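Peer 1: Fold the stuff below for me.
(one chain, ligands or ions: 1)
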Amino acid sequence: MELKKVKLYDTYQGKVVELNPIKLGEVSIYYCGPTVYNYVHIGNMRPVVTFDLLNRVLQACNYKVNMISNYTDIDDKIIKKALEENKSEKQVSDFYIEKYEELLDKLNILPLKYHPRVSNYIPEIVDFIKTLLDKGFAYKADNGDIYFDVSKDPHYGELSKMKIDDLQAGNRIQVSDAKKNPYDFALWKLTDDKGVKFDTILGKGRPGWHTECVVMINSYFKMPTIDIHGGGFDLKFPHHENECAQEYGYSNSKLANLWMHVGFINFDNQKMSKSLGNVVLAKDAIEKYGGNVIRHFFFTSYYRSPINYTLEAIETSKQEVEKYQAIVNKINGKIKLNKMEFSGDFDNDSYEEFLNYLADDLNVANALMVVDRLAKKANQLLRTNQINLTEISSTYNTYMKMMDVLGLKFEVPNINQEDIYNYEQYQQFRLQKDYANSDIYRIKLIEKGLI
Ligand SMILES: [Zn+2]
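Peer 2: Sure thing, here's the model as predicted:
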């Protein structure tokens, strides 16, 4: 099948570029996943939905997609939580991984190829750090901790457009005595605390956060460079910059050919933060509104721009999703209550137009305009008495296919014999101009949303 051209904004080059996969027709993608020590807030799910949309769009464009995302299950925050709750770190991380996966399910996220956990990669991480030490990109500080030497990477700062000299001149970060340069970062920290630690050739300790993704990318994809790497905007610096530096030190390669960063979420135009007390947990929002509404809400803003979470915005998405569901119900009603079946007709022109928009840096706003045009057409077809099976089927099949690419999942009503009986009674009484009786049946059908 023909591969459709896909264009995406690359943070590194600062422009929209054409995706040119390393392996023809196959796209390797990694996005940074959560540290599993608490319930994630709604903003954490925006990159997840964005990468899921990318996954679906690429598949619709005939690419095979190998997408993975990690769970950070070794972290000081997990250790702290485990001590507070008198649990093991594994119990804490297992619990929050399970809760997170429930959200993936409710948001209709396609299963990823793999969800690596840091705790399963300690030997690989140790080997990786050892290589960086051997190659002179890392050093052991006086306190025994191992740091990456940022000054050894001439490209440091290129992804986030930070100049290392500027960083040092105007540096606001605390310079630990152990580090050579302020932006050096810990690869391995020695510890004797109560948390999980590993007795390795690097000493008894734990890996720093920035190493795991690079190691898991190299291990899983078995190549130094992948097609797309990304995550939330906040990860661009220092996390992703540090990932790039390590891959450069390790294999003298780029970590990814294309970097995607997903915008922040605000609450009523304010930053969502614990200190402001305006954090919306993903589980609460999804429970209240459902996965479709939250997905649709994310679609109301270009994925790189900030998005503003307000009750009005969520309410608008709720109405849109209800409108979409009503069309599914009524079109099924129109066909199946008349004891007909959909034909296989399809509106290729509209679908191509829709997919072209999505293939252009995930332009959902324009793609949704095509969906809405089809929704309008569906409503026109529903209003006429005669049934044009080809037209209705073509509109419906295309509409459902588009919803699938967007990852919006609608219930198809189960129309049974009783519904068909009610419909026949309704029609018969109406023909007899017995409106009192026809109304009895009409109301039953309206309650089920079928007419
Ligand atoms: Zn990462």
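Peer 1: wait, what's in contact with the residue nearest the centre of the chain?
Peer 2: Centroid check for the chain by C-alpha atoms, centre = their mean gives Val48 as the closest residue, at 1.7 Å. Counting by C-beta atoms under 8 Å, 6 or more residues apart in numbering, Val48 touches 31, 69, 104, 107, 109. Where C-beta positions appear, they are placed from N, C-alpha and C, glycine not excepted.
Peer 1: Show me the residues you listed that map onto helices.
Peer 2: Leu104 (DSSP state H).
Peer 1: what's the most distant pair in the contacts of Val48?
Peer 2: The most widely separated members of the contacts of Val48, counting by C-beta to C-beta, are Tyr31 and Leu107 (14.5 Å).
Peer 1: If you count surrounding residues, which of these two has more?
Peer 2: Tyr31 (25 against 21; other C-beta atoms under 10 Å).
Peer 1: Tell me the predicted confidence for the residue lying closest to Phe342 once chain neighbours are set aside.
Peer 2: Among residues not flanking Phe342 along the chain, Ser393 sits closest, at 4.4 Å (C-beta to C-beta, 6 or more residues apart in numbering). Reported pLDDT at Ser393 in the predicted model: 98.
Peer 1: Pretty sure Asn257 sits in a helix.
Peer 2: No - using DSSP: H, G, I helix; E, B strand; the rest coil, the secondary structure at Asn257 is strand, not a helix.
Peer 1: Correct me if wrong: it contacts Lys23.
Peer 2: No - Asn257 lies out of contact with Lys23 (C-beta atoms under 8 Å); the separation is 11.8 Å.
Peer 1: So the two - more neighbours on which side?
Peer 2: For the pair Asn257 and Lys23, the greater number of neighbours falls to Asn257 (19 against 12), based on other C-beta under 10 Å.
Peer 1: Quick check: the gap between the more buried one and the ion.
Peer 2: 17 Å (C-beta to the ion, to the nearest Å).
Peer 1: residue contacts, that residue?
Peer 2: Contacts of Asn257 (C-beta under 8 Å, 6+ apart): 10, 20, 22, 225-228.
Peer 1: ok, it to Thr50 distance?
Peer 2: Look at Asn257 and Thr50: by C-beta to C-beta, to the nearest Å, they are 18 Å apart.
Peer 1: Please apply the same query to Lys254.
Peer 2: 22 Å.
Peer 1: thinking again about what came up before, the ion: which of the contacts of Asn257 is nearest?
Peer 2: Set against the ion, the nearest of those by C-beta to the ion is Ile226 (12.3 Å).
Peer 1: Do I have it right that that closest one meets Tyr31?
Peer 2: No - here Ile226 lies out of contact with Tyr31, judged by C-beta under 8 Å, at a distance of 10.8 Å.
Peer 1: list residues touching both of the two?
Peer 2: By C-beta under 8 Å, 6+ apart, no residue touches both Ile226 and Tyr31.
Peer 1: Who are the contact partners of the residue of the stretch 201-350 of the chain found nearest the ion?
Peer 2: Of all residues in the stretch 201-350 of the chain, the one sitting closest to the ion is Cys213 (3.1 Å; C-beta to the ion). With contacts defined as C-beta under 8 Å, 6+ apart, the neighbours of Cys213 are 30, 32, 70, 229, 239, 243.
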